[in-house]
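Undergrad: Compute the structure for the input listed below.
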Amino acid sequence: MQLPTLDIQKTHEALCQEIELHNYRYHVLDDPIISDAAYDQLFQKLLALEEQCPSLVTSSSPSQRIGGAVLEAFEPALHPTPMLSLENAFDAEQMWQFEKRLLERAEVTQFTYSCEPKFDGIAVSLIYENGQLMRGATRGDGETGENITANLKTVSSIPLRLQGQYPDWLEVRGEVYLSKAGFNTLNERAQQNQTKLFANPRNAAAGSLRQLDPKITAQRPLAMYCYGAFTQTSFGLPDSHYEILSLLQTWGFRISPVRQQVQGMAAVLAYYAGLLTARPALPYEIDGVVVKVDSTHLQTELGTISRAPRWAIAYKFPAEEAITYLEAVDFQVGRTGALTPVARLKPVNVGGVTVSNATLHNADEIERKGICIGDRVVVRRAGDVIPEVVRVLLDQRPPQAQPIQMPTRCPVCDSEVLKPEGEAVARCMGHLMCRAQRTEAIKHFVSRTAMDIEGFGAKLVEQLVEKQQLKCVSDIYGLQQEQLANLDRMGDKSAQNILAAIEKSKKTTLDRFLFALGIREVGQATAKQLSQYLGSIEAIASASEETLMTIPDIGPIVASHIKAFFHETHNQAAIAKLLQAGIHWPDPQSQQEKPLSGKTYVLTGTLAVLTREEAQQRLEALGAKVAGSVSAKTTAVIAGEKAGSKLEKAEKLQVPILDEAQFLALLSSF
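TA: So this is what the prediction gives:
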């Protein structure tokens, strides 16, 4: 006899709570209280109940960890608070310097630090509303990631709903990783299925999270450790990062069992030494220690610099090394014409990765290290990422070893290669006539952070350059549908989409356009400064080096690169063609002319009329800076509904507070 609907709901709810309790005991506390068989019986009972009454299946049901429908693509996910990167330290002296900088900024005599292992995995952001997991995303570029909620729901150590007393809105950040055992199991399975093996646990974790089919992700033994949390509600988090992590554990999250709260830098260094010794025995890969000022109040006071917090640092472990033979040297030509010597090595395993190529940096480095072809060399993954040749084992040099000769002609276009005075790098003088420079310049031009031409990927650029249909970036805007439709893996529909994306890219901003041009040393931040301070492409092109150096963060070297770029006639012609093709942008006011220049605002809570992103864009368009934390230098805090700790901090510091109506009035006054 079928149970009444209300009884089914109660039974289902009780089963969900019991299963989540056992998930918590098993995955978070590592202290199960029932056998695997008993757990399986509970789970099968839940599945049977949901099959009997499908309306019970919700996004927070434990049954949904097995994976849902195949995803067509990942949607972008804007982070409420930027996911900052960390500065790195590689020795004790750099760590003491880190503490010295902190002491100069804060009125304390000694810091309490929270120390955690730096997991070698993938950073993710989880957002919970009323205790339910609503969204999970990758870090992406720090501002915008990919929405991979369906895949993250398959990770057993991520709670689908929280336990105990928790904020109405919570963002939790952590690192998803594969254990060493899980990685070995995954590769054993791949070997049995005769599929490609993963190079290392980090790559395996990244590939697993970005599967379009969550069922595949569910088959991978992924886990997550948390390293931080934020809330926008009045729910008060502790003033201690260490205690916040402890609180997260009570809500259902895994936190590192080897984290420590210590006093002073000497204790940090002792923790680092201990973890370095313990590293081989740990069940997961780590590549260093993350050290954070423990007080969240002091974190806010110390603030951030560029894209990194001042109050945290990653103290990296020494890179793993291996010995192999240098068999040959090739020379790669980059986007700016720089020739980089690349060592072709007898393949060797370094830190879990098979390395067959390594950078030799430049001619000066080759000479300094005395490297010859045929040498037996020590190879290291610099920062555990980029392979490099560290040194030569001179006592093992074979008689047939040959000196490395830098080419005098470009290996791609046969143009002259010159080494500018005072520089370590030799460059091809072919500029946009060189196919290697042309290819890389176009890839950069169409990239997401530049002109953002969706679908215009590296393979498409390479095909068009190879067929001589793209000889300059301006040729992009003259492409025809038949040219694109006849390329490999393209058709009429794909060609139409590319052309639509090209057309859409014509409406841009001056700073994006400047960045897309690929001027040496002009990154996104410098491009934005040029745009704000000079206001037009004509003013930038005609500016003297002296004028350029009056702009913040532009020194003589960058100024000379900018001046040299706009002095070249072929660059002038390319820009003219791009503008004739219809590329345009709103005329930016110079920074000095903007009405809110020099002012800093902080947004908190939920706004009714504008989104947080729209509010930030409106403020920045008026010249204001939008900060993530409140300080005595903050001009005003704009407080929406459910404003939390930032509002309290503003009241404490007597910083002016604007409600949404006052904020809208401020905007409308301009």
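Undergrad: So which elements touch the least confident helix or strand in the chain by mean pLDDT?
TA: None of the helices or strands of the chain scores lower by mean pLDDT, DSSP states H and E than helix 36-52, at a mean of 74. If you count contacts as 3 or more C-beta pairs under 8 Å, 6 or more residues apart in numbering; DSSP states H and E, helix 36-52 packs onto helix 5-23. Every residue, glycine included, has its C-beta placed from N, CA and C.
Undergrad: Which positions in the helix it packs on come out as buried?
TA: Buried residues in helix 5-23, counting neighbours by 16 or more other C-beta atoms under 10 Å, are found at I8, T11, H12, L15, C16, E18, I19, E20, H22, N23.
Undergrad: just stretch 342-349 next, same as before
TA: V342, A343, L345, V348.
Undergrad: quick one: contacts for G455?
TA: S494, N497, I498, A501 (C-beta atoms under 8 Å, 6 or more residues apart in numbering).
Undergrad: tell me the contacts of the second one?
TA: Going back to what we said before, that points to N497. E454, G455.
Undergrad: That one: which element?
TA: For N497, the host element (DSSP states H and E) is helix 492-505.
Undergrad: Pull the distance from that helix to the chain's centre.
TA: Relative to the centre of its chain, helix 492-505 is centred 28 Å away, using C-alpha atoms, centre = their mean, to the nearest Å.
Undergrad: Looking at the buried residues of stretch 342-349, which are in strands?
TA: Of the buried residues of stretch 342-349, the ones assigned to strands by DSSP state E are V342, A343, L345, V348.
Undergrad: in the stretch 551-670 of the chain, which segments are predicted with low confidence?
TA: 588-593 (pLDDT under 70).
Undergrad: if we go to 50?
TA: 590-591 (pLDDT under 50).
Undergrad: quick one, strands of it?
TA: 600-604, 625-627, 636-639, 657-658 (DSSP state E, counting those that start in this stretch).
Undergrad: residues making contact with the third one?
TA: Okay, so that is strand 636-639. 599, 601-605, 607, 615, 630, 646-647, 650, 655-660, 663.
Undergrad: Okay, strands next: where are they in the stretch 101-250 of the chain?
TA: Counting by DSSP E, counting those that start in this stretch, the strands of the stretch 101-250 of the chain are 112-119, 122-129, 132-138, 144-146, 169-178, 222-230.
Undergrad: which of the ones you listed has the lowest average pLDDT?
TA: Out of the strands of the stretch 101-250 of the chain, strand 144-146 stands lowest, with a mean of 87 (criterion: mean pLDDT).
Undergrad: which SSE is V465 in?
TA: Going by DSSP H and E, V465 is part of helix 458-466.
Undergrad: Helix or strand next in line after that helix, which one?
TA: helix 481-485.
Undergrad: quick one: buried residues of that following helix?
TA: Quick answer for helix 481-485 (16+ other C-beta under 10 Å): Q483, L484.
Undergrad: Renumber starting at 108 from here on
TA: Will do, 108 is the new start, and the previous item becomes helix 588-592.
Undergrad: and that helix, average pLDDT?
TA: On average, helix 588-592 scores 89.
Undergrad: from the chain's centre, how far out does that helix sit?
TA: The answer for helix 588-592 is 34 Å, by C-alpha atoms, centre = their mean.
Undergrad: Name the surrounding residues that touch it.
TA: L571, Q576, M597, G598, D599, S601, A602, Q603, I605, L606.
Undergrad: Give the buried subset of the contacts of G562 as a ChimeraX selection command.
TA: Buried residues within the contacts of G562, by 16+ other C-beta under 10 Å, are selected in ChimeraX with:
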select :605,608
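Undergrad: would you turn the strands of the stretch 208-357 of the chain into a markdown table with distance to T292?
TA: What follows is the strands of the stretch 208-357 of the chain, written out as a markdown table (distance: least, C-beta to C-beta, whole Å):
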| stretch | distance to T292 |
| --- | --- |
| strand 219-226 | 19 |
| strand 229-236 | 19 |
| strand 239-245 | 24 |
| strand 251-253 | 26 |
| strand 276-285 | 9 |
| strand 329-337 | 12 |
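Undergrad: Now render those as JSON lines, adding distance to V497 and mean neighbour count.
TA: Formatted as JSON lines, these follow (distance: least, C-beta to C-beta, whole Å; neighbours: other C-beta atoms under 10 Å):
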{"stretch": "strand 219-226", "distance to V497": "22", "mean neighbour count": "24"}
{"stretch": "strand 229-236", "distance to V497": "28", "mean neighbour count": "21"}
{"stretch": "strand 239-245", "distance to V497": "32", "mean neighbour count": "20"}
{"stretch": "strand 251-253", "distance to V497": "35", "mean neighbour count": "19"}
{"stretch": "strand 276-285", "distance to V497": "27", "mean neighbour count": "24"}
{"stretch": "strand 329-337", "distance to V497": "31", "mean neighbour count": "23"}
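Undergrad: Between those, which one is closest to Y391.
TA: Relative to Y391, the nearest member of the strands of the stretch 208-357 of the chain by C-beta to C-beta is strand 276-285, separated by 5.7 Å.
Undergrad: Just want the angle from the closest one to strand 229-236.
TA: Computed by axes from the mean of the first three to the mean of the last three C-alpha atoms, to 10 degrees, the angle separating strand 276-285 from strand 229-236 equals 150 degrees.
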